Each structure stands twice: as C-alpha cells, then as structure tokens.
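Engineer: my questions concern the predicted model and sequence given below.
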Amino acid sequence: MITLEGLTKRYGDTCAVDSLDLTVSPGRVTGFLGPNGAGKSTTMRMILGLDAPTEGTALVDGRPYADWPAPLAKVGALLDAKALHPRRSARNHLIAMARSNGLPVSRVDEVLSVVGLDSVTGKRAGEFSLGMGQRLGIAGALLGDPEVLMFDEPVNGLDPDGVRWVRGLMRSLAAEGRTVFVSSHLMSEMQLTADQLVVIGRGRLIADAPVADVIARSSRTTVAVRVPDRAHLAVLRDRLIAEAERVESADDRLIVTGVPAERVGDLAHELGVRLHELQTQRASLEEAYMELTADSVQYGVAVAS
Amino acid sequence: MSTAVVTLGTGLSDAVRSEWTKLWSVRSSWLNLAAALVLTALLGLQFGFNLAYTNTHLEPGQVAQTQAVGEFGASVIMIVQVVIAAFALLTVTSEYATGSIRSTLQWTPVRRNVVLAKAIVLAPVLFVYGLVLAGVSAVVGGLAAGSWADWTASALVVDLLSVAFYATTAGLFAAGIAWVVRSTAGTLTVAFLLLLVVPLMLSQSSIRALVWIAAVLPGGAGQNYLTGTTDPLSPTVSALLLVVWAGAGLMVGTRVLTKRDA
C-alpha cells in the first residue's frame, strides 16, 4: 500500500505536486493519469525517495521507502529504463542490483526468463532496443518479488505482443494481492488494465475512483431512448429534466445525461410511456479523461470521488 | 530510529557487494588499469635511463649517486596519479553521465551508504593499484638504471607502501569531490589542479606563504610525504593531511548527495 499525505513538491515558484492525498491499495491495478507535466513522475520519484518532498509524506506500508531494510523487496519500480550503464551487460546490471539488497543472484536468471530476455543476458544494456530495455526494467522491478510495484509508462516502445504481455503481467500481479501503480498516457490501455484510476492535473488530485465510475460519471456517457408517441415523449422529457443533468431531444429521441438506463426505463414504466429503444452509450475512458483534465485546466476544481 | 541503525549495517555490506560488482563489470575499469600499467612502465624506464645517463655524464665536481629503486615509484606516481584519480572518480561520474545514479539511489536509498560503499570498495583496490604501479616502476626503473640502482629490500617495501597509501588517499579524495562536481571532465580538472598543477607551481615559489599552501594541498602533501621532505611539514603531518583531504572530500560528497534530488 502506498500512502501520500499532503505530498508537495515545489521548484521555486512552480508547484509540481500540490498537497496530494492518496492511498493506492493492494490487490488491484491503479492507473495514474494526467497531462504531461501534471506531476506523475515527480510523485513516483518522491515515493522512492529520489526527490525529497517540500512538504508532506510518501509512505510504503507505513514507512518511507528508504527505511525498509531491503527496499527492492518492498517496492519494485520501473521509472526510467535508460537509468543504467549502457556498457554493462543486462545480467551484470541485475546482479549488481540483486547484491545491493542481499537478494539471491539466482533470481536474476529467473526474472530474465520471465521477461523473455534469457537469450540476450550477456548483451550490453546500451545495445538493447527500446522494448528490450523496457523488459529489462520490468525484470528489475520484479527482482525482489516486491509487494508494491510502480511503473512509469511501462508499454513505451513495446510491440503489440509486448503490450498484451505487460497487461497480463499487471493483472496477475494485482491478482496475487500486490499493489500495482502504473502511469500511462494510453487511455485505451488503461481502460483494459486498470481497476482504479487516479487523475492529477497541475499537481492536484482531480479524480480517484474505479474506472467504471469515472466512465459512468462522464457527460459523454448518455442514455438514448426512442419514444414513438410525441405526447409520451414530452411527458418523459419533463420528468427526466428534474433528475438529469441534461436532456436533449431530436425527433422521436431523447439523449439523457446523468441518469442510468435502468432509471430511465423505470420512469417510463411508471409514466406508462411506450419505448422502442433504450440504450446506454458509454464514453470511452479517453473521453472521460479529456473531460476531467479539461475541467482542471480551466477551473482548477477538484472533482473528488 | 532503532530500526534505521539496524538496517544501516546490512544495507552497507550489501551496497559494498553491489559496488564491487559494478566496478569490475565495465570495461573502462580494466582499460584504465592497462593504460596506467603501460604509462608506469614507460615512465620507470625513462627515469631509470635518466639516472644512468646523469651518472655517466657528470659535470665537473658532481658525484655519481645510486638511487633506491622504490624512489622511482614515488616519481612515477606523481604523474600517473591522474590516471588513478580518474579510476576512482569515474565510479561516480560515469553514474551521472549514464543516468545509472538514479538506479543506484533506488537500490540503496540511504545515500550515505552509497558514498561509503564506493569508498570501501575503492580503498583496498586503490591500495593494491598503487602497490602494483610502484612495484612496476621500481623494477623497470631499477633495471634501466643498471648498476646505479639500489635494491635494498627494506627501503623498497617502505617506498612501495608509501606510494600505495598515497594512491589510496588521492583516489578517495577524487571520488569525494566527484560527488560534488558530478561531471567527469570537471572532476578531472579539479583533481588535476589540486593533485598536480597548483602544488607544483606554488612549491617552486620563493614566497614562503605559497610554499605553505602547496604543502597543505593534497598533491603537495603527497609529494612531501613520498620524498620524505621535512620543510615546511614533516612526512607524518603530510600523511595526516592526506587522510584529512580524503575524509573531507568524502564527507562533503556525502553531504551534497544527501541534500540533492537525484
């Protein structure tokens, strides 16, 4: 579990992360989203103690990362796949990593085989392609068999096969009860991978909610009803206006925002309105996300869960 | 804070093992050793031949003198020390150049342990490095000097150990300032100036204050210690100064590293 309390990072006048309160829970994949410069990487770096917070705390299972005796056995992280000596072999890189935390060197070959790099272990890390480097970084994150995993843009540079593999890996790590915290700018990927969504903008928390809720709450998620009878249409519309955020009518159709299809159906039944069609048009996560972050940029309003 | 104290011990020994692995798993370390060996042999040869030449081409009134072979080591190390300093400082600056410092600090988040671990790995390596280079220059220089070489074993041992001690302190000092400067070129420049250039320039001065400054700088202290100079400071004080420089460099390095975002 990762706990952030009032986490703040200021560089001069710029506030990269602004009193962030957040709990990332085990057993699920938490997607970490936000526009470029929103403070995602800075937040992750503060969790690992690479950057010192200006204010607030970042704790992993109740303690700062640096206070754990073998931190790699607590948190496995891939923040920057290029943070290695390019002329050291992949295997030696991981051996140095294992020794730094007293982990058995036998783990090195295990994780190299898990990420599918067993045939290139002697190759210099600097000669790796972007995707291979990413796999090596993931191998490093898995090395200590940690309870908490953090990945910054893990599917960068991976081919479709690799992307699917990472997705499966995240899901299975979470299913094993681990905490999985992953940032990405690929919404379609997050929609498939994440259970929980944390959205930040300008260093502030915009949303922290299950993916399904974020999508459902989006104004882009609408319910369309088709009512053949014009009089019935007017009755239903007047009734819905009281409950919905917005009701648009076009011909024999109503497009309702903010009321679930079940409720629309029940109301129609109550009012004796005959329906020809009742359909939910779900927003994509991307649409929901764009809407959330656009709001934050315009008004800086926090829409908490 | 009792837990922090407990973890410090195990964390440090693991970090030392990691640094040892890192040091020997890049080719630049081995290339540095090879380059220093070649340079040392060539310089030893030159100093040896030079002694033989001087003794056979004496000016009127001059007397031919034999030289303890260990002294070739002292002469050679004052030049080769820059290569040794590079060996030590590269363990730090290469991490900044490649970005691997972020991995290192992620693996060993107690930053004092990172500086300590590198120093603990470097100290014995630098000592042996200095010992080997001093030995090579003594043997090559002695053979080149021929009959003018004095092979007294006891003096040789003292000279070899002295050079090894100097290589250790100078290297650790370079590693310490590397944490502050971070870039290879910058650190090498600072090391070059403080270990060689500035002491060399000032020690020739007729102004007493400048001679003192030269004697206090690491390179000057090393020169005076290795040549057994007693003016202005005794060899023992010079040796102590070297330890102080190495310790101070590492302390400042630790202080800077613990305060800085990676």
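Structural biologist: Now that the structure is in, tell me what you want to look at.
Engineer: please make it C-alpha for all contacts and neighbour counts, starting now.
Structural biologist: Fine.
Engineer: quick one, what contacts residue A:197?
Structural biologist: Taking Cα atoms under 8 Å, 6 or more residues apart in numbering or on different chains as the criterion, residue A:197 is in contact with A:30-33, A:207-211, A:214.
Engineer: any idea of the pLDDT on it?
Structural biologist: Residue A:197 carries a pLDDT value of 94.
Engineer: mind checking which helix or strand it is in?
Structural biologist: Taking DSSP states H and E as the criterion, residue A:197 maps to strand A:196-201.
Engineer: check the offset of that strand from the chain's centre.
Structural biologist: 7 Å (Cα atoms, centre = their mean, to the nearest Å).
Engineer: that strand: partners in the sheet, and parallel or antiparallel?
Structural biologist: In the sheet, strand A:196-201 lines up against strand A:28-33 (parallel), strand A:204-210 (antiparallel) (DSSP bridges).
Engineer: and residue A:89, its phi and psi?
Structural biologist: Backbone torsions of residue A:89, given as degrees, to the nearest 10, read phi -70, psi 160.
Engineer: mind listing the residues bridging to it?
Structural biologist: In beta-bridge terms (that is, DSSP bridges), residue A:89 pairs with residue A:124.
Engineer: for the contacts of residue A:197, which one is nearest chain B?
Structural biologist: Distance to chain B, by Cα to the nearest Cα, is smallest for residue A:32 among these, at 20.4 Å.
Engineer: quick check: pLDDT value at the residue lying closest to the closest one once chain neighbours are set aside.
Structural biologist: Among residues not flanking residue A:32 along the chain, residue A:183 sits closest, at 4.3 Å (Cα to Cα, 6 or more residues apart in numbering or on different chains). Per-residue confidence (pLDDT) for residue A:183: 95.
Engineer: next: residue A:141.
Structural biologist: At residue A:141, pLDDT is 98.
Engineer: wait, it sits on residue A:79?
Structural biologist: No: in this structure, residue A:141 is not within contact of residue A:79 by Cα atoms under 8 Å, at 9.5 Å.
Engineer: joint contacts of these two?
Structural biologist: Contacts common to residue A:141 and residue A:79, judged by Cα under 8 Å, 6+ apart, are residue A:150.
Engineer: for the strand or helix carrying residue B:123, which positions count as buried?
Structural biologist: Here residue B:123, judged by DSSP H and E, is contained in helix B:111-145. Across helix B:111-145, burial judged by 16 or more other Cα atoms under 10 Å in any protein chain shown covers B:111-123, B:125-145.
Engineer: write out the residues of the stretch 101-250 of chain B neighbouring chain A.
Structural biologist: B:101-103, B:105-110 (Cα under 8 Å from any Cα of the partner chain).
Engineer: take those and keep only those in helices.
Structural biologist: B:101-103, B:105-107 (DSSP state H).
Engineer: tell me the secondary structure for whatever residue of the stretch 151-262 of chain B ends up closest to chain A?
Structural biologist: Nearest residue of the stretch 151-262 of chain B to chain A (Cα to the nearest Cα) works out as residue B:261 at 4.6 Å. Under DSSP: H, G, I helix; E, B strand; the rest coil, residue B:261 falls in the coil class.
Engineer: so how many other residues sit close to it?
Structural biologist: Neighbour count for residue B:261, taken as other Cα atoms under 10 Å in any protein chain shown: 14.
Engineer: find the closest residue to chain A in the stretch 51-200 of chain B.
Structural biologist: Closest point on the stretch 51-200 of chain B to chain A, by Cα to the nearest Cα, is residue B:100, at 4.0 Å.
Engineer: residues touching that residue, list them.
Structural biologist: By Cα under 8 Å, 6+ apart, the neighbours of residue B:100 are A:82-85.
Engineer: look at the nearest residue to residue A:286 once chain neighbours are set aside and report its pLDDT.
Structural biologist: With sequence-adjacent residues excluded and distances taken as Cα to Cα, 6+ apart, residue A:286 is closest to residue A:187, at 5.2 Å. pLDDT, residue A:187: 84.
Engineer: and residue A:187, how far from residue A:194?
Structural biologist: 10 Å (Cα to Cα, to the nearest Å).
Engineer: residue A:147 reaches residue A:176, doesn't it?
Structural biologist: No: counting by Cα under 8 Å, residue A:147 stays clear of residue A:176, with 9.2 Å between them.
Engineer: these two - which one has more neighbours?
Structural biologist: residue A:147 (23 against 13).
Engineer: next, work out how far apart that one and residue A:283 are.
Structural biologist: Relative to residue A:283, residue A:147 is positioned 33 Å away (criterion: Cα to Cα).
Engineer: phi, psi of the residue located most distally from the centre of chain A?
Structural biologist: For chain A, the largest distance from the centre (Cα atoms, centre = their mean) belongs to residue A:231, which lies 45.9 Å off. The phi/psi pair for residue A:231 (degrees, to the nearest 10) reads phi -70, psi -40.
Engineer: and chain A, which residues reach chain B?
Structural biologist: So far as Cα under 8 Å from any Cα goes, chain A lies against chain B at A:48-52, A:65-72, A:82-89, A:92-93, A:95-102.
Engineer: all strands of chain B, in order?
Structural biologist: Secondary structure of chain B, counting by DSSP state E: strands at B:67-68, B:149-150.
Engineer: how much space between the closest residue to residue A:194 other than its chain neighbours and residue A:225?
Structural biologist: For residue A:194, ignoring the flanking residues on the chain, the nearest one in space by Cα to Cα, 6+ apart is residue A:29 at 4.8 Å. In this view, residue A:29 and residue A:225 are 35 Å apart by Cα to Cα.
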